[in-house]
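Enquirer: no FASTA, just this:
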């Protein structure tokens, strides 16, 4: 049943953000799977289908779009993403609201442009492939592996660098400390787990900063 309400108008006024995405149309189930997976892997969120990027309501074009979302969630997300849909009538046009809860148990993969399955996260209004350090943090948490911080010269040098320069990339940390990628990832992940360091991921790069 289509309902007429101010709910959608209020959401549109928020603009796109980490928990809200506008879709003019659904034309590619694999592409929309990345959005579903990213929301489920991060904080949950909503897709508004039939809404342009500028917030203008265009309306859902056909029932086929609903079937494409179903295909995205069940066929192109691994494991499948749970979601709910609601239809809203706004000025004679139908807006489809797709609600994706955060999944606290599983991390979901979706295909990239080459068909390779990756774990996506939602960062502001973008869907990004999860950074390798974040994947390590998730792995440690999943298996209840406690943080292991040994304040050797490597760890102390990292903290001094961040205090002086503000941020560092994984590659620069490897070079500075003369350690391999696996070791660098583990040290950064441990500091993230105890809340000393935070990860800042964008479409351009990923850096690590002190939380205070």
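Expert: Okay, I see it. Treat the numbers as computed from the prediction; the structure is a model and nothing was measured.
Enquirer: need the contact list for the closest residue in space to residue 93 that isn't next to it in sequence.
Expert: The spatial neighbour of residue 93 that comes closest, neighbours along the chain excluded (Cβ to Cβ, 6 or more residues apart in numbering), is residue 59 at 3.2 Å. Placement of C-beta: from N, CA and C, glycine included. If you count contacts by Cβ atoms under 8 Å, 6 or more residues apart in numbering, residue 59 has them with 50, 90, 93-95.
Enquirer: Check residue 59 and give its pLDDT.
Expert: At residue 59, the predicted lDDT confidence score is 93.
Enquirer: And it, how close does it get to residue 95?
Expert: As defined by Cβ to Cβ, to the nearest Å, residue 59 lies at a distance of 7 Å from residue 95.
Enquirer: got any residues that touch both of the two?
Expert: A shared contact of residue 59 and residue 95, defined by Cβ under 8 Å, 6+ apart, is any residue touching both; here these are residue 50.
Enquirer: Would you mind measuring from the residue of the chain positioned farthest from its centre to residue 175?
Expert: Note on the chain: the largest C-alpha distance from the chain mean falls to residue 153, namely 33.8 Å (Cα atoms, centre = their mean). In this view, residue 153 and residue 175 are 15 Å apart by Cβ to Cβ.
Enquirer: Buried residues in stretch 68-78, which are they?
Expert: Burial within stretch 68-78, assessed by neighbour count using 16 or more other Cβ atoms under 10 Å, is assigned to 68-69, 71-74, 76-78.
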